[in-house]
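> My questions concern the predicted model and sequence given below.
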Amino acid sequence: MAEPPIVIWEREVTQLLCPADLIPRLEDALGKFSRRDETEVLQPLRTALPLQKHGGFMGLMPTYMEKDGVLSTKFVCFYKREEGSTLPAVQATVVLLDPEFGNVKAVMDGEVITAMRTAAVSAISAKLLMPPQAEVLAILGTGKQAISHYRVFTETFSFKEVRVWSRSKQGVARFISSVGGPVQGCSSAEEAVRGADVILTVTGSTEPVLLGQWVKAGAHVAAVGACRPDWRELDDVLMKEAVVYADSREGATLESGDVILSGAEVFAELGEVINGTKAAHREKTTVFKSLGMGVEDAVSAQLVFDRWKAKAGKV
Ligand SMILES: NC(=O)C1=CN([C@@H]2O[C@H](COP(=O)(O)OP(=O)(O)OC[C@H]3O[C@@H](n4cnc5c(N)ncnc54)[C@H](O)[C@@H]3O)[C@@H](O)[C@H]2O)C=CC1
Ligand SMILES: O=C([O-])C1=[NH+]CCC1
């Protein structure tokens, strides 16, 4: 009979995950995914079960990394929430299994894993695609992804200026007090993004919040929200002008309203740039469309599990 699974929840996951550990592991995972070698990464397209009554979806994200011995599934519920709602937009749990025995080894809080791995992958896109000497970072949105992106980007890069915008003044005020570091609140998205070298869209919006006419030529946009075919964050002008990258080509063409509705072509996956099979067009305006992939959760959960065992003296 297998041992019962260990439970690693929010506080411990937060203590065990740091950007410096995550980024190299995620770069390796993105490159493996883009090689499409099924003994390295087996990751079917996400199943998104509509939760019609609540305006959301339950995503099922299984991943098997045979060579690395990692088997996991993330269950993630994500919602379009109305302004003023106090309900969370995303709730997630990651299950780590023993691929040989078949038992569940660990059940982990997926909210922190999702926040941190998504921000780390956005940071990888910036490392590859932002203009040289990037000085100004703009963040549109002030929720959980905005906070994790602020933490990862300010720990990974040294921007001279960080700006933030939210649809509510309270959101900006809460964000500024949460992050505790230098950030300038802006009263419009346009004010935040004009002249910015890197722009992060981390909103729950289903309509464009970032317009191409505001974006400086050569800037890099990491677009994290709008993960459904009829949800948008970016307008057609930007999608048509930019060189578009994605975490997964299939994911983008199946789930991204910004790609599907604008008709923009996905030039490359981040993993293809990491593998050297596609160019990083730093000199052009670039968009990284982030949808989220199970392999990112798998390597993050394995890292948490390894760190937890080491801390508990169970190696
Ligand atoms: N690409 C990926 O891997 C992942 C994407 N996501 C997506 O990222 C987005 C943000 O997620 P969280 O930060 O967890 O949500 P959150 O609810 O914590 O924050 C959402 C932010 O967007 C703002 N917002 C909501 N509707 C808006 C609108 N119509 N116009 C302007 N701003 C609006 C809210 O005021 C808040 O500041 C969501 O769309 C979520 O589905 C979440 C996790 C992973
Ligand atoms: O990868 C992920 O966890 C998600 N992508 C869109 C909403 C949640």
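Yep, that arrived. Computed from a predicted structure; not experimentally measured. Ligands and ions are numbered 1, 2, ... in the order given.

> check whether stretch 277-290 contacts ligand 2.
No: under the criterion of CB under 6 Å from any ligand atom, stretch 277-290 makes no contact with ligand 2; the nearest approach is 8.0 Å. All C-beta atoms are positioned from the backbone trio N, CA, C, and that covers glycine.

> my read: residue 74 touches residue 94, true?
Yes: taking contacts as CB atoms under 8 Å, residue 74 lies within contact range of residue 94: 4.8 Å.

> When the two are compared, which one has more neighbours?
Neighbour comparison, residue 74 and residue 94: the larger count goes to residue 94, with 30 against 27 (by other CB atoms under 10 Å).

> give me the beta-bridge partners of the more buried one?
residue 74, residue 108 (DSSP bridges).

> and the closest residue to ligand 1 within the stretch 151-300 of the chain, what is it in contact with?
The nearest approach of the stretch 151-300 of the chain to ligand 1 comes at residue 292, 2.5 Å away (CB to the nearest ligand atom). Counting by CB atoms under 8 Å, 6 or more residues apart in numbering, residue 292 touches 46, 61, 76, 114, 118, 227, 247, 251.

> And this protein, what are its domain boundaries?
Using automatic domain parsing, the domain parsing of the chain gives 6-113+295-311, 119-292.

> can you tell if the first one touches ligand 1?
Right, the one you point to is domain 6-113+295-311. Yes: Domain 6-113+295-311 reaches ligand 1 (CB under 6 Å from any ligand atom) through 78, 81, 89, 90.

> Could I get the residues you listed in CSV, plus columns for distance to residue 203 and pLDDT?
Converted to CSV, those look like this (distance: CB to CB, whole Å; pLDDT from 0 to 100):
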residue, distance to residue 203, pLDDT
78, 13, 98
81, 11, 95
89, 10, 97
90, 13, 98
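
> quick one: which of those is nearest to residue 256?
Of all the residues of domain 6-113+295-311 next to ligand 1, residue 256 sits closest to residue 78, with 14.1 Å by CB to CB.

> now for the helix or strand in which that closest one is found, which elements pack on it?
Under the criterion of DSSP states H and E, residue 78 resides in strand 70-79. Applying 3 or more CB pairs under 8 Å, 6 or more residues apart in numbering; DSSP states H and E, we find strand 70-79 packed against strand 56-65, strand 90-97, helix 110-129, helix 294-311.

> quick one: which of those is nearest residue 257?
strand 56-65 (13.6 Å).

> Only the buried residues of that closest one, if you could.
Going by neighbour count (16 or more other CB atoms under 10 Å), the buried part of strand 56-65 is 56, 57, 59, 61, 62, 63, 64, 65.

> Now for the residue of the chain found nearest ligand 1, how many residues are close by?
Nearest to ligand 1, among the residues of the chain, is residue 143, at 1.8 Å (CB to the nearest ligand atom). For residue 143, the count of nearby residues is 20 (other CB under 10 Å).

> shaky segments in the stretch 1-150 of the chain?
Residue ranges of the stretch 1-150 of the chain with pLDDT under 70: none are present.

> Get me the contact residues on it for ligand 2.
Where the stretch 1-150 of the chain comes near ligand 2, counting by CB under 6 Å from any ligand atom, the residues are 59, 76, 78, 90, 92, 114.

> Could you measure from the first one over to residue 33?
As judged by CB to CB, to the nearest Å, residue 59 and residue 33 stand 17 Å apart.

> Hmm, residue 51 is touching residue 76, no?
No: if you go by CB under 8 Å, residue 51 and residue 76 don't touch, sitting 11.7 Å apart.

> tell me, what's touching these two both at once?
Common neighbours of residue 51 and residue 76 (CB under 8 Å, 6+ apart) are residue 58.

> So for the two, which residue has more residues nearby?
Neighbours per residue (other CB under 10 Å) separate residue 51 from residue 76, with residue 76 holding more: 23 against 13.

> Hmm, the more buried one is touching residue 56, no?
No: counting by CB under 8 Å, residue 76 stays clear of residue 56, with 10.1 Å between them.

> need the contact list for residue 132.
Contacts of residue 132 were listed using CB under 8 Å, 6+ apart, and they are residue 282.

> For the residue of the chain found nearest ligand 2, which three-state class applies?
The minimum distance from the chain to ligand 2, using CB to the nearest ligand atom, falls at residue 292 (1.9 Å). Under DSSP: H, G, I helix; E, B strand; the rest coil, the three-state class of residue 292 is coil.

> So what does it have for phi and psi?
Main-chain dihedrals, residue 292, degrees, to the nearest 10: phi 100, psi 130.

> Kindly state the pLDDT recorded for it?
Reading off the confidence values, residue 292 has pLDDT 98.

> ranges for the helices of the stretch 101-250 of the chain?
Assigned by DSSP state H, counting those that start in this stretch, the stretch 101-250 of the chain shows helices spanning 110-129, 144-156, 169-179, 189-193, 236-241, 249-255.

> Mean neighbour count, the ones you listed: which tops it?
The highest mean neighbour count among the helices of the stretch 101-250 of the chain, using mean count of other CB atoms under 10 Å, belongs to helix 110-129: a mean of 25.
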